[in-house]
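Novice: Provide a 3D model corresponding to the input given below.
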Amino acid sequence: MKIELLLIYLYNYNTNKMKDEFQKRKTKKDKQKRNFELYGKYTPKHIRMKEKYNEKKQITNNKNDKNDKNDKNL
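Specialist: As a prediction, this is how the structure comes out:
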């Protein structure tokens with residue numbers, strides 16, 4: 001009787017423990033969804049690169065404008 005109860009207890013303990021340990025594997029879709037919820041359409045890295053590009057573009061435009069003004073004065 002005691003052995004049967006012990007076996008039943010151990011069986012229930014192991015099955016419950018296995019249920020608690022099981023976690024769904026994280027997939028690529030899960031990561032994409034999480035990142036989209038955090039950052040939206042653009043990541044912080046993308047925004048920094050875009051700002052850097054816009055600054056660089058403004059600097060080159062300013063240099064070109066100065067050169068154009070000097071050429072018109074001649």
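Novice: At the geometric centre of this structure, which residue do we find?
Specialist: Asn35 (3.6 Å; C-alpha atoms, centre = their mean).
Novice: sec struct for it, please.
Specialist: Of the three states, Asn35 takes helix under DSSP: H, G, I helix; E, B strand; the rest coil.
Novice: Tyr53 versus the nearest residue to it once chain neighbours are set aside, what's the distance?
Specialist: Excluding the flanking residues, the one nearest Asn35 by C-beta to C-beta, 6 or more residues apart in numbering is Thr43, at 7.3 Å. In this view, the C-beta of every residue, glycine as well, is placed from N, C-alpha and C. According to C-beta to C-beta, to the nearest Å, Thr43 stands 15 Å off from Tyr53.
Novice: repeat for Glu4
Specialist: Glu4 is 74 Å from Tyr53, by C-beta to C-beta.
Novice: and if you look at Arg25?
Specialist: 38 Å.
Novice: Pick out whichever of those two has more residues nearby.
Specialist: Neighbour comparison, Arg25 and Tyr53: the larger count goes to Tyr53, with 10 against 5 (by other C-beta atoms under 10 Å).
Novice: pLDDT wise, what is the more buried one at?
Specialist: Note on Tyr53: pLDDT of 95.
Novice: quick one: low-confidence parts of the protein?
Specialist: For the chain, the stretches with pLDDT under 70 are 1, 6, 10, 13-22, 67-74.
Novice: show me where it has helices.
Specialist: Counting by DSSP state H, one finds helices in the chain at the ranges 2-21, 28-39, 44-73.
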